[in-house]
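> output the structure for:
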Amino acid sequence: MADETAPHVPTSPASAPDGPASSAPESMIPHALTAAPGYQVRRLYQAYLAVWARAVDPTLTGPQFAVLTAVDAAPGRDQRSMASAVALDTSTMADVARRLESRGLIVRRADAADGRRKLLYLTEEGRRTLHGAHERARRLDERLLEPYDPVQRADLMRLLSSLADRWERIAGDL
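Residues are numbered from 1 along each chain as shown. Below you'll find the model as predicted:
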């Protein structure tokens, strides 16, 4: 499952009001790190985890939110295809689904044709939780992308998607 430890997010003093202050000045971070795309992606992810917990939901993780969103979009799909849809491996998906089920947000039903397949459905509580989290997540998205005009936002999202697609292909090739 994804590392969900407390984030350490290097920030500049100018960005301190929006996030945790860095314990080390930016000048102390080696150029070999700041020039590495993986390091910058990790910084983004850690900062996102921190703001997600405060602005969206402190107990609903990003993977759980993704699963709820996917189940809402396609109720009754099997757990394995849901895992693929939200970019989770099958063991992580099983853990996420168990946690969501234990919180009463989804139900997992055995497929009548193949009892090994688990079909996923939202509960009413799952719908309420997703609806509230979705609204808060969209507000967070707006805040995160606020400095960019609509064209820049579209470009940024296209670049991020392209980068994710490429890195997933590379990971699959290894």
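> how close does the residue nearest in space to the middle of the chain sit to Y148?
Nearest to the mean C-alpha position of the chain, counting by C-alpha atoms, centre = their mean, stands G62 at 3.5 Å. Distance check for G62 against Y148: by C-beta to C-beta, to the nearest Å, it reads 21 Å. Placement of C-beta: from N, CA and C, glycine included.
> show me where the protein has strands.
106-110, 118-122 (DSSP state E).
> in a markdown table, list the ones you listed along with distance to W167 and mean neighbour count.
Written out in a markdown table, the entries for those read as follows (distance: least, C-beta to C-beta, whole Å; neighbours: other C-beta atoms under 10 Å):
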| stretch | distance to W167 | mean neighbour count |
| --- | --- | --- |
| strand 106-110 | 29 | 16 |
| strand 118-122 | 27 | 20 |
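> could I get those in CSV, plus columns for distance to H131 and mean pLDDT?
Listed next are the strands of the chain as CSV, based on distance: least, C-beta to C-beta, whole Å; pLDDT from 0 to 100:
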stretch, distance to H131, mean pLDDT
strand 106-110, 14, 96
strand 118-122, 10, 96
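> select, out of the ones you listed, the one closest to Q79.
Taking C-beta to C-beta as the criterion, Q79 comes closest to strand 118-122 out of the strands of the chain, the separation being 4.4 Å.
> tell me which strands and helices that closest one is in contact with?
Contacting strand 118-122 under the criterion 3 or more C-beta pairs under 8 Å, 6 or more residues apart in numbering; DSSP states H and E are the following elements: helix 62-73, helix 79-85, strand 106-110.
> so, low pLDDT: which residues of the protein?
Residues of the chain that meet the criterion pLDDT under 70 lie in 1-25.
> out of all of them, which helix in it is the longest?
Of all the segments of type helix in the chain, defined by DSSP state H, the longest one is helix 150-173.
> roughly how far apart are the residue of the chain positioned farthest from its centre and L130?
For the chain, the C-alpha farthest from the mean C-alpha position belongs to A113; by C-alpha atoms, centre = their mean, that distance is 32.3 Å. Using C-beta to C-beta, one gets 28 Å for the distance from A113 to L130.
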